[in-house]
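Student: have a look; sequence and predicted model below, questions after that.
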Amino acid sequence: MGKTGISIAHFLLQKGILCEAFDENTSTLPDTLHIPLHCGALESNVLQTFDFIWVSPGIHWEKPALQEARHAGVPMQGDLGLFLEYCNTPLIAITGTNGKTTTTQIIQTLLETLPGGCDTGGNIGTPMLDLIAQDKLPSRIALELSSFQLERCNHIHPHWAVLLNIQPDHADMHANEEAYLAAKLRLFSHQAAGDTAMLPVAERWDALSEDLCKRGVQVHRFGQLSEDDPAIETLAAGIVSTDKQHSLFWHQDGHRQSINCQRIPTRGLHQHINLAVAAQAAADFGVSNKVIREAISSFRGLPHRLRLVGHVAGHDWFDDSKATNPAAAQAALNSFEQSIWICGGLRKGLDLTPLSNTISQHVSHAIIIGKEKRPYIELLQKAGISYTVGGTIERAVVMAASHASSLPILLSPAAASQDQFANYVERGRAFAKAIQHLEKQS
């Protein structure tokens with residue numbers, strides 16, 4: 001009964017549907033909800049007495065009590081399925097392992113300039129059911145969708161959809177990587193003629209692209225390629241690179257539009273690719289070229305996503321607390337020639353090995369935080385990188401500040417935060433607070 005659960009309950013009551021609430025933790029309901037609340041372990045025999053069950057994204061879909069209830073024939077879904085029953089507004093859907101929030105936010109910002117605007121929700125900000133609880137539906141809705149939301153939805157048909165990337169993540173919440181991928185790909189299973197899909201340029205997505213094209217879906221491919229790569233002509237959006245520079249591009253009115261990446265305030269080519277995807281979405285919906293250029297050229301990034309916190313003690317400090325998996329940290333590290341890397345936390349069973357080459361090239365020294373230190377120590381030892389164990393954010397900041405170099409300092413943990421913090425936001429705020437304390441002492 002977190003934000004999503006409360007949203008579902010309010011929506012059901014608004015529709016005249018009697019419901020009861022369950023929470024495995026000791027919980028209380030807001031004063032606006034007057035329904036029975038059951039706290040404690042879920043029991044299958046109790047769940048099977050209900051006509052329908054809605055499951056919040058934070059609850060493991062394969063929990064035995066839920067499996068038994070499904071096998072007994074009780075219909076079950078998440079808030080996305082309920083949302084789609086009541087909403088016929090054109091839907092823009094964004095999924096992927098990393099970059100969803102940035103892409104969704106800039107799409108909303110761009111489409112907000114159109115008549116009727118654009119609301120956004122889902123895995124970002126407002127619970128999606130709150131968007132349609134009002135009397136008047138918005139003209140467009142952009143939803144950031146997690147694998148958890150997609151796996152518990154039987155039918156979704158977005159007018160415009162993008163898969164940003166697929167990298168190992170959430171090993172603790174899905175049966176395996178195949179189940180994680182299958183959840184993400186549900187996004188495209190019902191698209192048809194008149195719809196648009198955006199897919200990465202990598203070969204692994206060619207079969208899906210071909211299938212969508214056969215159904216009449218307009219397929220855009222995106223990614224990063226060099227100017228002399230013939231495949232660049234097949235891309236709708238992304239980054240085109242030469243020996244001297246990178247340019248963000250998209251297509252509009254039959255022509256390639258581009259912006260030099262040096263003119264974009266937010267750092268990192270992985271973030272620039274997300275902006276290119278958003279620019280293509282805006283162009284597809286008819287946002288003017290001028291508005292797209294102004295928005296991309298002024299976007300400074302979202303909090304805790306490779307964002308510059310300040311210049312203190314001779315270093316630039318970057319908060320990338322949202323990097324909760326190795327792929328996200330790798331993208332951030334690649335944005336620097338060399339850096340002092342603050343890493344560690346709740347690893348979620350993910351393999352850190354893919355980070356080895358990147359840290360060998362881009363990390364001068366590492367400082368480890370969190371309770372699960374051993375995997376990071378082994379990674380750094382194998383890569384031949386010096387390290388110290390800070391344990392806490394506060395100690396790590398003090399250690400990093402005392403480093404003799406003037407290298408940038410990057411918090412990009414490659415781990416979740418729940419071993420020490422409520423979430424990545426709290427971790428990022430603790431990082432900023434420690435830097436502020438450091439500045440006051442200097």
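Tutor: In hand now; what should we look at?

Student: ok, residue 442 - contacts?
Tutor: Taking Cβ atoms under 8 Å, 6 or more residues apart in numbering as the criterion, residue 442 is in contact with 312-313. The way it works is simple: take the backbone N, C-alpha and C, and place the C-beta from them, glycine included.

Student: what does residue 347 give?
Tutor: 372, 375, 414-416.

Student: one more time with 10 Å, if that's ok
Tutor: 171-172, 324-326, 370-372, 374-376, 413-416, 419 (Cβ atoms under 10 Å, 6 or more residues apart in numbering).

Student: could you measure it against residue 374, distance?
Tutor: 10 Å (Cβ to Cβ, to the nearest Å).

Student: burial count for the residue lying closest to residue 345 once chain neighbours are set aside?
Tutor: What sits nearest to residue 345 in space, not counting adjacent residues and going by Cβ to Cβ, 6 or more residues apart in numbering, is residue 415, at 3.2 Å. A count of neighbours around residue 415, defined by other Cβ atoms under 10 Å, yields 27.

Student: per-residue confidence at residue 415?
Tutor: For residue 415, the pLDDT comes out at 96.

Student: how close does it get to residue 386?
Tutor: Spatial separation of residue 415 from residue 386 under the definition Cβ to Cβ is 20 Å.

Student: so residue 188 touches residue 207, yeah?
Tutor: No: applying Cβ atoms under 10 Å, one finds residue 188 not in contact with residue 207, separated by 11.8 Å.

Student: of those two, who's got more company?
Tutor: residue 188 (25 against 9).

Student: next one, pLDDT for the residue positioned nearest the centre of the chain please.
Tutor: Ranked by distance to the mean C-alpha position of the chain (Cα atoms, centre = their mean), the top residue is residue 100 at 3.7 Å. Confidence at residue 100, expressed as pLDDT, is 94.

Student: can you give me the strands for the stretch 101-250 of the chain?
Tutor: If you assign secondary structure with DSSP state E, counting those that start in this stretch, the strands in the stretch 101-250 of the chain sit at 119-122, 141-144, 160-163, 196-200, 218-226, 237-241, 246-252.

Student: quick check: longest helix of this protein.
Tutor: Of all the segments assigned as helix in the chain under DSSP state H, the longest by residue count is helix 424-441.

Student: mind checking how far that one is from the chain centre?
Tutor: Chain-centre distance of helix 424-441: 23 Å, with Cα atoms, centre = their mean, to the nearest Å.

Student: so for it, mean pLDDT?
Tutor: Confidence over helix 424-441, taken as the mean pLDDT, stands at 95.

Student: repeat for stretch 234-252
Tutor: If you average the pLDDT values across stretch 234-252, you get 95.

Student: one step back: quick one: contacts for the residue nearest to the centre of the chain?
Tutor: Each residue near residue 100 by Cβ under 10 Å, 6+ apart is listed here: 94, 122-124, 143-146, 162, 164-165, 274.

Student: let's go with 8 Å and repeat that
Tutor: Neighbour list for residue 100: 94, 123-124, 144-146, 164 [criterion: Cβ under 8 Å, 6+ apart].

Student: ditto for residue 210
Tutor: Residue 210 sits next to no residue when contact means Cβ under 8 Å, 6+ apart.

Student: next one, pLDDT for it please.
Tutor: 98.

Student: same deal with the one 10 residues further on?
Tutor: Listed pLDDT for residue 220 reads 98.

Student: how much space between it and residue 191?
Tutor: Note on residue 220: its distance to residue 191, by Cβ to Cβ, is 13 Å.

Student: quick check: neighbours shared by these two?
Tutor: With the criterion set as Cβ under 8 Å, 6+ apart, the overlap between the contacts of residue 220 and residue 191 is residue 197.

Student: the lowest-mean-pLDDT helix or strand in the chain packs against which elements?
Tutor: The least trusted helix or strand in the chain, going by mean pLDDT, DSSP states H and E, turns out to be helix 177-185, with a mean of 90. In this structure, helix 177-185 packs against helix 147-151, with contacts taken as 3 or more Cβ pairs under 8 Å, 6 or more residues apart in numbering; DSSP states H and E.

Student: got the buried residues for stretch 25-32?
Tutor: In terms of neighbour count (16 or more other Cβ atoms under 10 Å), stretch 25-32 has its buried residues at residue 29.
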